[in-house]
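**Student:** kindly return the folded structure for what I paste below:
(2 chains)
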Amino acid sequence: MPVTVRNSASSSILAILPPVIAFNQKGGPRPAWPNVTYSNPNFSFRQASLALSQFCGTISPPITLRRHVMTKTIRIQDVAQYVGQSVNLQGWLYNRTDKGKLQFLQVRDGTGSMQCVLFQRDVPEELFEAARQLGQESSLSISGVIRQDDRAPGIPGGYEMGVTGLEIVQLAEDYPIQPKEHGIDFLLDHRHLWIRSQLQWAVLRVRATVIRAIRDWLDGHGFVNMDTPILTPAACEGTSTLFATDYFGTPAYLTQSGQLYNEAAIYAFGRVYCFGPTFRAEKSKTRRHLTEFWMVEPEIAFCDLDQLLEIEEQFVSYIVQRCLEERAQELELLERDTAPLEHVTPPFPRLSYDEAIEMLAQIRQETQDPELGAQLEIAWGDDFGSPHETELTQRFDKPIFVYGYPTVAKAFYMEPWPGRPEITKSADLLAPEGYGEIVGGSERISDPGLLLQRLEEWNLPREAFEWYIDLRRYGSVPHSGFGIGVERTVTWICGLDHLRETILFPRLLKRVYP
RNA sequence: UCCUCGGUAGCUCAAUUCGGCAGAGCGGCCGGCUGUUAACCGGUUGGUUGGAGGUUCAAGUCCUCCCCGAGGAGCCA
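**Tutor:** You can find the predicted model right below:
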């Protein structure tokens, strides 16, 4: 019975054959066996394997492919289930140690990495020699028997493969990144390759878990995902520098926040959140800033500042605890001391802005370091800089809320404090261990008259905000919301000293490549 | 925008107060090694010292200007 062999990626027909398999041979590497599928379900794997092993006898270097057909392809993260079994792995060579008659291949597959061992005596000479040719990051399909061995390094580690078969998908040469230290500029230039390195892999997996925890908590607490526009008509808040684009002849700007739009959405859905990229064109050159970053902004109807803070502390604690549960292995790779993270449970300490200013004054008095003293100088009304946040947070073992910021230091839409018009019903959440602000939130003005007054005081054009004022005309309610920066959160949870490693391709003041 | 530091082999870095033959480790290549953990051992390959100009018998080193990067500040709900 004729069999059609297709490339699964392109669906192109590689060959139509009697029970024999064809490969696309153009002098280069052959496609990996698992990329080939049969369109004829009547053709058994056993027939395929026989035909294949005959065919492969003519290929140089000869490689035992038969097992690739017969054995199950597993993921390294599941390796513990396969002790004693013959299985196949598809991945990339992370490192290789050649001991003469013994070779150790460290193979990554995206879910982890595992040591694969070849004793010269135990494997065909061609296979042993083929393994010798492998440069770092060569792609391969490797098979053998899984065994437990405490000496075996890897992720999760403790298991290794006694290799019996190897197919080289591509031989990589002169891979630029070695398993050793490199400079940051070089690494950022090679970010497309750097992400294969263990620590980067670990950080980005923590990020994925943070994002999933964010969505799970919000979706589980009655929030409706409501994504807001990325292209916006005007610099709504005046102060921030925005990225301008040409929108069919008129300027449009990349969003710096979805909050105002989601203030509209709460009147339709009650509780909403947006989750998307945010753009800031400030020329910030610090470890806490990206020009493109991801922010989650929940917004809640019938919610005052006190209620908001309770939501925030529940939410943030949940994110941290999920990471501790699901990413313990990655945090260990990152050598993150998880003890401080375990303290992250509600309630969080609340500190008024006035108290924070006092505390900073006291720290300044007590410090022996004149430079630090100068950095910590602050007048009532000023917003905190990062030295202030660092000093404050180092005095608590949990994230802290600082609430009641001066009206002059905050945005126009924030509800004034009852009886103290000089401060607002606003609160920032500062992460411990010196990490600083990760969340900013506030209760929003709900009175149309006051909002109009604020727009005037801030010299904002009323026409642009007519829709926003409407929200206060038709069924206005007390409402609050906050924004949490994903990268800052991941930086804190991973214990990193710079947030550029927490996003796949960071966009920095001096870098939009790769 | 300001302050500080930096740019030397593919990578990480040396190169002596006061100018005097351009070096090492890693990687690559060749050889050795049956339990390596960024393996190790021996050999070998590898350079427009960010760019331009200047001082000098002689400049990686000193001077001037420029380019690039990093850290911090400012900016940043």
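**Student:** center of chain A, which residue is that?
**Tutor:** The centroid of chain A falls nearest to A:Arg207 when counting by CA atoms, centre = their mean (2.9 Å).
**Student:** count of residues packed around A:Leu452?
**Tutor:** Around A:Leu452 there are 15 other residues, counting by other CB atoms under 10 Å. No exception for glycine: its C-beta is placed from N, CA and C like everyone else's.
**Student:** quick check: closest non-adjacent residue to it.
**Tutor:** Distances taken as CB to CB, 6 or more residues apart in numbering put A:Ile469 closest to A:Leu452, at 6.6 Å, once the chain neighbours are dropped.
**Student:** and what about that neighbour, helix, strand or coil?
**Tutor:** Reduced to three states with DSSP: H, G, I helix; E, B strand; the rest coil, the structure at A:Ile469 is helix.
**Student:** ok, it touching A:Gly449?
**Tutor:** No: using CB atoms under 8 Å, A:Ile469 is not in contact with A:Gly449; the gap is 9.9 Å.
**Student:** RNA strand B versus the residue nearest to A:Leu452, what's the distance?
**Tutor:** As judged by CB to the nearest atom of the strand, to the nearest Å, A:Ile469 and RNA strand B stand 16 Å apart.
**Student:** which residues sit in contact with the residue nearest to the centre of chain A?
**Tutor:** Each residue near A:Arg207 by CB atoms under 8 Å, 6 or more residues apart in numbering is listed here: A:486-487, A:490, A:502-503.
**Student:** give me phi/psi at it?
**Tutor:** phi -60, psi -50 (degrees, to the nearest 10).
**Student:** got it, and A:Trp201?
**Tutor:** When read as degrees, to the nearest 10, the backbone of A:Trp201 gives phi -60, psi -50.
**Student:** what's the burial count for it?
**Tutor:** A:Trp201: 20 neighbours (other CB under 10 Å).
**Student:** show me the contacts for the closest residue to it other than its chain neighbours.
**Tutor:** Spatial nearest neighbour of A:Trp201, chain neighbours left out: A:Ile195 (6.8 Å); criterion: CB to CB, 6+ apart. By CB under 8 Å, 6+ apart, the residues touching A:Ile195 are A:201, A:204, A:504.
**Student:** what do you get if the cut-off is 10 Å, keeping everything else the same?
**Tutor:** Counting by CB atoms under 10 Å, 6 or more residues apart in numbering, A:Ile195 makes contact with A:201, A:203-204, A:501, A:504-505.
**Student:** only whichever of those are buried, select them in ChimeraX.
**Tutor:** Buried members of those, defined by 16 or more other CB atoms under 10 Å, are picked up in ChimeraX with:
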select /A:201,203,204,501
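**Student:** A:Ala234 reaches A:Tyr468, doesn't it?
**Tutor:** No: taking contacts as CB atoms under 10 Å, A:Ala234 lies outside contact range of A:Tyr468: 11.7 Å.
**Student:** now do the shared contacts for these two.
**Tutor:** Taking CB under 10 Å, 6+ apart as the criterion, A:Ala234 and A:Tyr468 both touch A:Leu460.
**Student:** higher neighbour count, these two?
**Tutor:** A:Tyr468 (19 against 15).
**Student:** can I assume that one is in contact with A:Leu451?
**Tutor:** Yes: the pair A:Tyr468 / A:Leu451 is scored as a contact, 7.6 Å apart, by CB under 10 Å.
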